[in-house]
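Colleague: Provided below are the primary sequence and the corresponding predicted coordinates.
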Amino acid sequence: MRPQAPKTLGENGYGAIDPLIAGGVVLSTAVTDAVYVFFNAAVSARRRVSAASWSAAWYLLSAFAVISYTSNWVYVLFAALGSWIGGYLSITALDQSARTRRR
C-alpha cells in the first residue's frame, strides 16, 4: 500500500471543515489553555502534586486538538480561538478566586 500524500489547501478547501471537529478543537483548546494557566499557578505556588496533575491533564487534553488540526491546517485557527477563550476564562476564574479568599 502506498502512503498517501498530505492534502493541500486546494484538496481540502474551506468547505471541507467539519463544524463538529472545529467546535471540538475550540472547546478542547479552551480547556487545554485553562488547564495550562492552572498548571502555571500551581508551579508558581510550588504545589508539586497539583502542578504534576495539571501537567498530566494538559497533555491529555491537547491530544484531540493536535490530532484534529494536523489533518487540516485550517483547524489551527480554531485552536487559536479556543486557546484565547481558555486563557481569558481561566484568568477570570483565578481573579474571582483571589477576591473570594481576601474576604
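Modeller: Looks like it came in fine. Numbers count the residues shown, from 1 in each chain.
Colleague: Does the residue most central in space within the chain lie in a helix or a strand, and which?
Modeller: When C-alpha atoms, centre = their mean is applied to the chain, the residue found nearest the centroid is residue 29 (1.8 Å). Following DSSP states H and E, one finds residue 29 within helix 19-44.
Colleague: Off-centre distance for the very next helix or strand once past that helix?
Modeller: Later in the chain than helix 19-44, the nearest helix or strand by DSSP H and E is helix 48-70. In this view, helix 48-70 has its centroid 8 Å away from the chain centroid, taken as C-alpha atoms, centre = their mean, to the nearest Å.
Colleague: Just want the angle from helix 48-70 to helix 19-44.
Modeller: Inter-element angle recorded for helix 48-70 and helix 19-44: 150 degrees (by axes from the mean of the first three to the mean of the last three C-alpha atoms, to 10 degrees).
Colleague: got the angle for the helix or strand just after helix 48-70 vs helix 48-70?
Modeller: Per DSSP H and E, helix 48-70 leads on to helix 75-102 as the next helix or strand towards the C-terminus. Using the same axes, to 10 degrees, one finds that helix 75-102 and helix 48-70 are set 160 degrees apart in direction.
Colleague: List the buried residues of the helix holding residue 29.
Modeller: Using 16 or more other C-beta atoms under 10 Å as the test for burial, helix 19-44 gives 21-22, 24-42. No exception for glycine: its C-beta is placed from N, CA and C like everyone else's.
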